[in-house]
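[1] Requesting a structural model of the entry that follows:
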Amino acid sequence: MTATHTTHHPQSAKRPWAEGLTVFAAVMLMIAGVLDIFRGIMGIAEDDVFVTTRDYVFAYDLTGWGWIHLILGAVAVLVSMGLFQASLWARVAGVTIAGFIIIANFLSLPYSPVWSIVMIAFSGFVIWALCVVRQDNSGEFDHS
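    Modelled structure (predicted):
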C-alpha cells in the first residue's frame, strides 16, 4: 500500500496580500503624485510657503524645483493608474518614479524640510510595497 501525500498551499491566501499591497502602492503613489503636483504649482508660482536658504549646494531657482516636482507628480499619477491594473511595467516604473521622488525631495529638503520628509516616507512605502510582491510562473502576483 503506497500513500502519496501532496502538499497543497492555497494560492488564494497569498493572492489577496499581493493585490492589497499593489493597491496600497497605487494609492500611496497617487497621493504622493498629487501632492507633488501641488508642490510644483506652488514652486512655479513662487509661493511664500518655501524656506529660502543661502549657500545651498543644490540651490535652484524655486521655479525650477516647481517644474521638477510638477513633472514627477504627473508621471507618478499616470504610473499609479497602471498599478491599479497590476501590470509589470507599472511596478517597475512605480519603483523608479518613487526613487526619483525621494531624490528630488532630498535635494529640495532645505526649501520645505517637514514636507520633504513626509514625501520621502510616502515614496519609501511605495517602493517597499512594490518590491515585496512577486509574480509567479502563472502570471499571478504572489506575496512571499
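
[2] biggest helix in this structure, by residue count?
    Under DSSP state H, the helix in the chain containing the largest number of residues is helix 11-44.

[3] for the protein, what spans make up the strands?
    Assigned by DSSP state E, the chain shows strands spanning 133-135, 141-143.

[4] The longest helix of the chain - what's its average pLDDT?
    For helix 11-44, the per-residue pLDDT values average out at 80.

[5] in it, what counts as buried?
    14, 18, 21-22, 24-26, 28-33, 35-37, 39-40, 42-44 (16 or more other C-beta atoms under 10 Å). Bear in mind the C-beta positions are built from the backbone N, C-alpha and C, glycine included.

[6] What of stretch 83-98?
    Residues of stretch 83-98 classed as buried: 83, 86, 90-91, 93-95, 97-98 (neighbour count, 16+ other C-beta under 10 Å).

[7] Tabulate the residues you listed in TSV, adding columns for pLDDT and distance to residue 129.
    Formatted as TSV, the buried residues of stretch 83-98 follow (pLDDT from 0 to 100; distance: C-beta to C-beta, whole Å):
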residue	pLDDT	distance to residue 129
83	91	9
86	80	12
90	91	12
91	92	10
93	95	14
94	94	9
95	95	10
97	95	14
98	94	10
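
[8] and of those residues, the nearest to residue 65?
    Residue 65 lies nearest to residue 97 out of the buried residues of stretch 83-98, by C-beta to C-beta, at 17.0 Å.

[9] and that closest one, how far is that from residue 90?
    Applying C-beta to C-beta, to the nearest Å, the value for residue 97 to residue 90 is 10 Å.

[10] Show me whatever sits in contact with both of these two.
    Listed contacts common to residue 97 and residue 90 are residue 79; contacts here mean C-beta atoms under 8 Å, 6 or more residues apart in numbering.

[11] picking that back up, worst mean pLDDT among the strands of the chain?
    strand 141-143 (a mean of 47).
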